[in-house]
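In: okay, sequence plus prediction incoming.
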Amino acid sequence: MYNVNADFINEQKISETLENNKRADPGKVSEVLAKAKEMKGLNMDDVAVLTCITDPMQLQELFDTANQLKETIYGKRLVIFAPLYISNLCSNECLYCAFRVTNKSITRNALSQKHIEKETEILINQGHKRVLLVAGESYPKEGFDYVLESIRSVYRVKNEHGEIRRINVNVAPLSKDEFKLLKEEKIGTYQIFQETYHRQTYRKVHVGGKKKDYNWRAWALHRAMEAGIDDLGIGVLFGLFDYRFEILAMMQHINELEDKFGVGPHTISVPRLEPATGSDLASHPPFAVADMDFKKIVAILRLAVPYTGIIMSTRETAQMRRGTFALGVSQISAGSRTNPGGYDGETEDDISGQFSLGDHRPLDEVIRDVASMGYVPSFCTACYRMGRTGQDFMDLAKPGDIKLHCAPNGLSSFAEYLRNYATPETKEVGEKLIQESINQMSGLAQKRAVKLVNRVKQGKDDVYC
Ligand code: SAM
Ligand code: SF4
């Protein structure tokens, strides 16, 4: 099945939908925004209408609606993680990526398990609790076991400053049996980006290696689901093809997963093409996405799939990241390095990093900034450790009940960060925010928050409900 055409991506249907909805008629836009407020998601026609918005007033209406949904479902919480690049070896030839096999201008490196432990320790000492493990598609002599062993190495590190409590994974598509092995290692989310859903563009930019096979990649999340991994992340690399097409194709992918497995993706990532060493394509994106369109993409996704987290990485500048929190972003990376060994400074970003970063600030500075904007940085990992994943998570999230868990847990994990890792300036901003947040809560959520935060103040770590 997995080598046959991934027919759930129907390009003709996408073109027709875009053609039929190519004007953002004000009446229609208002109708779609009113429907979005019901928080039941949008269909392909609705999404196509929103992609056509150019009028500043309509754009503002779109942004306000996205903000309203984000606050209703997620509150002010922003989940924090760091990527951990374990290897930049790769046998593929993706023309936009510095890790592509023929690129001679970067230094190649697959971290030893000892080195992975060292990198993990640095992230733990900074205060991180979640990492996203990333690798190119070529492993040292152990093969795929290298990835499994690396996950064990990360979870193994525990010191007086804490431990990593959730590892998400972004590695090349696996076979069903390999996915089963990955699940046994107790990963959080498995994420993979189709890069572009447009077949012709896909062929043009993936010119060598296993990644040339569009269908193997497109069916990857089906295989993961069948292997029992129900916490999945999808994404598009924006800039390769028309973003309107890509959003609609991603909707088709989401609808397919919901139809087949009863549950859609847990997260959507929105990477935008950034310059990469040795890549002409990355410096000259064929369909560069302007900043305003990028914000529009985030807002539309928030309305289209209200219960799916949206991840914003440090590819984007601090200013752009700030601008998207109110539009629907629910997770951000911070203090990132995209070169294996980047955290201990043994390798340089520019000679072995995957792409250039837009936000270079250390974790503490990002946390202070986020908190001073009124957003609560959350290091919470409770849902996945309590087994609230896949359908269970969606059941909980859909009626908005997740706020009863996420809001108190977010505050207690933030209180833990402030007590154990923050600089005095960050502590001051953060403690004030925790108090204000508790004051604004009510009922059970407030009761839980007070109890959990007090336990942290008394010296307890890792408290959640
Ligand atoms: N190698 C695996 C793969 O390609 O699926 C997994 C990890 S890959 C290092 C992670 C993601 O980085 C890719 O899926 C791609 O979307 C993104 N990426 C690659 N080159 C990029 C660039 N120049 N700018 C922004 N993102 C890029
Ligand atoms: Fe390799 Fe992934 Fe980069 Fe492609 S995007 S060259 S598969 S690391």
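Out: Received it, and whenever you're ready, just let me know what you need. Ligands and ions are numbered 1, 2, ... in the order given.
In: where's Ile310, which helix or strand?
Out: Ile310 is part of strand 309-312 when elements are defined by DSSP states H and E.
In: quick one, domains of the protein?
Out: Split into domains by automatic domain parsing, the chain comes to 71-360, 399-457.
In: possible to save those as a markdown table with distance to ligand 2 and mean pLDDT?
Out: Where C-beta positions appear, they are placed from N, C-alpha and C, glycine not excepted. Listed next are these as a markdown table, based on distance: least, CB to the nearest ligand atom, whole Å; pLDDT from 0 to 100:
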| stretch | distance to ligand 2 | mean pLDDT |
| --- | --- | --- |
| domain 71-360 | 3 | 95 |
| domain 399-457 | 31 | 92 |
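In: among those domains, which comes closest to Ser378?
Out: domain 399-457 (3.5 Å; CB to CB).
In: which residues of the stretch 101-250 of the chain lie near ligand 1?
Out: When proximity is defined as CB under 6 Å from any ligand atom, the stretch 101-250 of the chain approaches ligand 1 at 134, 136-137, 170-172, 192-193, 195, 237.
In: could you redo the last one with a cut-off of 5 Å?
Out: Selection of the stretch 101-250 of the chain residues close to ligand 1 by CB under 5 Å from any ligand atom yields 134, 136-137, 170, 172, 193, 237.
In: break down this protein into its strands, ranges please.
Out: With strands called from DSSP state E, the chain shows them at 77-87, 130-135, 158-159, 162-163, 166-170, 190-191, 232-235, 267-269, 309-312, 331-333, 376-378.
In: could I get those as JSON lines with mean neighbour count?
Out: Putting the strands of the chain into JSON lines (neighbours: other CB atoms under 10 Å) gives the following:
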{"stretch": "strand 77-87", "mean neighbour count": "25"}
{"stretch": "strand 130-135", "mean neighbour count": "23"}
{"stretch": "strand 158-159", "mean neighbour count": "11"}
{"stretch": "strand 162-163", "mean neighbour count": "19"}
{"stretch": "strand 166-170", "mean neighbour count": "22"}
{"stretch": "strand 190-191", "mean neighbour count": "24"}
{"stretch": "strand 232-235", "mean neighbour count": "22"}
{"stretch": "strand 267-269", "mean neighbour count": "23"}
{"stretch": "strand 309-312", "mean neighbour count": "23"}
{"stretch": "strand 331-333", "mean neighbour count": "24"}
{"stretch": "strand 376-378", "mean neighbour count": "26"}
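In: comparing the domains of the chain, which comes out most buried?
Out: Mean neighbour count (mean count of other CB atoms under 10 Å) peaks for domain 71-360 among those, with a mean of 20.
In: in space, what's closest to Gln391 - neighbours in sequence excluded?
Out: In space, and not counting its chain neighbours, Gln391 is closest to Val263: 4.8 Å by CB to CB, 6 or more residues apart in numbering.
In: still on that earlier bit, could you export the residues of the stretch 101-250 of the chain next to ligand 1 as TSV, including distance to Thr65?
Out: As requested, those are exported to TSV (distance: CB to CB, whole Å):
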residue	distance to Thr65
Val134	33
Gly136	39
Glu137	39
Asn170	30
Ala172	37
Phe193	26
Leu237	27
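In: could I get the domains of the chain as TSV with distance to Lys40?
Out: As requested, these are exported to TSV (distance: least, CB to CB, whole Å):
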stretch	distance to Lys40
domain 71-360	8
domain 399-457	12
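In: Val270 touches Gly233, doesn't it?
Out: No: judged on CB atoms under 8 Å, Val270 makes no contact with Gly233 at a distance of 11.2 Å.
In: overlap of the contact sets of these two?
Out: Contact criterion CB atoms under 8 Å, 6 or more residues apart in numbering; residues shared by Val270 and Gly233: Ile311.
In: quick one: contacts for Leu84?
Out: Leu84 makes contacts with 116, 119-120, 123, 131-134, 154, 343, as judged by CB under 8 Å, 6+ apart.
In: I should have written Phe193 there, sorry.
Out: Applying CB under 8 Å, 6+ apart to Phe193 gives the contacts 234-237, 269, 271.
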